[in-house]
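Visitor: next comes the sequence, and after it the predicted model I'd like to discuss.
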Amino acid sequence: SSSSSNGFYNVGSTITVEATLSEPVIGGSKLRVLLDASASADPADPATWLELTSPNGQNGTILRGTYTVQAGDFTEDLTVLDYNGAGVYDVGGNVRMVSTTLPPLNIADGSAIVVDTIAPEVMLFGSTSPSGSYGLGDTLVITARMSEIVKAGSKITVTLNNGRSEEHTSELQSRFGISY
């Protein structure tokens, strides 16, 4: 799970990731998780795993860690892909199994956390205006289809084949396109 707010996270943002265990574990226990957002996530590379530990080194059922968003990271709904509990010990001294299946609930089940560090791109320019000649004072509607959702109020500068550059502001937040 995550105690971070639902929403969009960019480079440098931090997201708190939590694991709730079925029984108390000793303080200092460490659980490693692999998140789907990391551009460099590699199950074979321990450096790409996030470490969750018991808050304040206390015995308890919660392990917590902080994921810092890096350039190139992306996911539409943050999820744990894998975990390793070799460093988790219950209060009786029993170690958690190294590799097990994921629990039925994951971060995406209770949160809507989007990690997006990739800039949107213009995929297509078009126009809903009829073909023909346009003169001074005529209006020509130009549509830019973007690679992802952009916020209402986003600006784009378009250079037309007549050499003029026009800056336009999107009117609507959209995943499929923006009309100017």
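Guide: The structure has been received and is ready for your questions.

Visitor: and for G72, the neighbour number?
Guide: Using other CB atoms under 10 Å, G72 is surrounded by 12 other residues. Every residue, glycine included, has its C-beta placed from N, CA and C.

Visitor: quick check: it touching D116?
Guide: No: assessed by CB atoms under 8 Å, G72 is found out of contact with D116, at 10.7 Å.

Visitor: show me what counts as buried in stretch 26-37.
Guide: 26, 29-37 (16 or more other CB atoms under 10 Å).

Visitor: from the chain's centre, how far out does stretch 8-17 sit?
Guide: The chain centre lies 8 Å from the centre of stretch 8-17; the measure is CA atoms, centre = their mean, to the nearest Å.

Visitor: before we move on, what SS does T20 have?
Guide: Counting by DSSP: H, G, I helix; E, B strand; the rest coil, the backbone at T20 sits in strand.

Visitor: give me every residue that touches it.
Guide: 1, 61-62 (CB atoms under 8 Å, 6 or more residues apart in numbering).

Visitor: try it again with 10 Å
Guide: For T20, the contact set (CB atoms under 10 Å, 6 or more residues apart in numbering) comprises 1, 60-63, 103, 105.

Visitor: what sits in contact with each of G72 and D116?
Guide: 11, 37.

Visitor: not counting its neighbours along the chain, what's nearest the residue minimising distance to the centre of the chain?
Guide: The centre of the chain sits closest to V115, judged by CA atoms, centre = their mean, with a distance of 1.5 Å. Here the nearest residue to V115 in space, its sequence neighbours aside, is A37; by CB to CB, 6 or more residues apart in numbering that works out to 4.1 Å.

Visitor: against which helices or strands is whatever helix or strand D109 lives in packed?
Guide: Per DSSP states H and E: D109 is located in helix 107-110. Judged by 3 or more CB pairs under 10 Å, 6 or more residues apart in numbering; DSSP states H and E, the packing partners of helix 107-110 are strand 14-25.

Visitor: I'd like the next helix or strand past the strand it packs on.
Guide: With DSSP H and E, the next secondary element past strand 14-25 is strand 30-35.

Visitor: who are the packing partners of that next one?
Guide: strand 14-25, strand 50-53, strand 60-68, strand 80-87.

Visitor: and the contacts of the helix holding D109?
Guide: Contacts for helix 107-110 (CB under 10 Å, 6+ apart): 1-2, 4, 6, 15, 17-19, 33, 35-37, 75-80, 103, 113.
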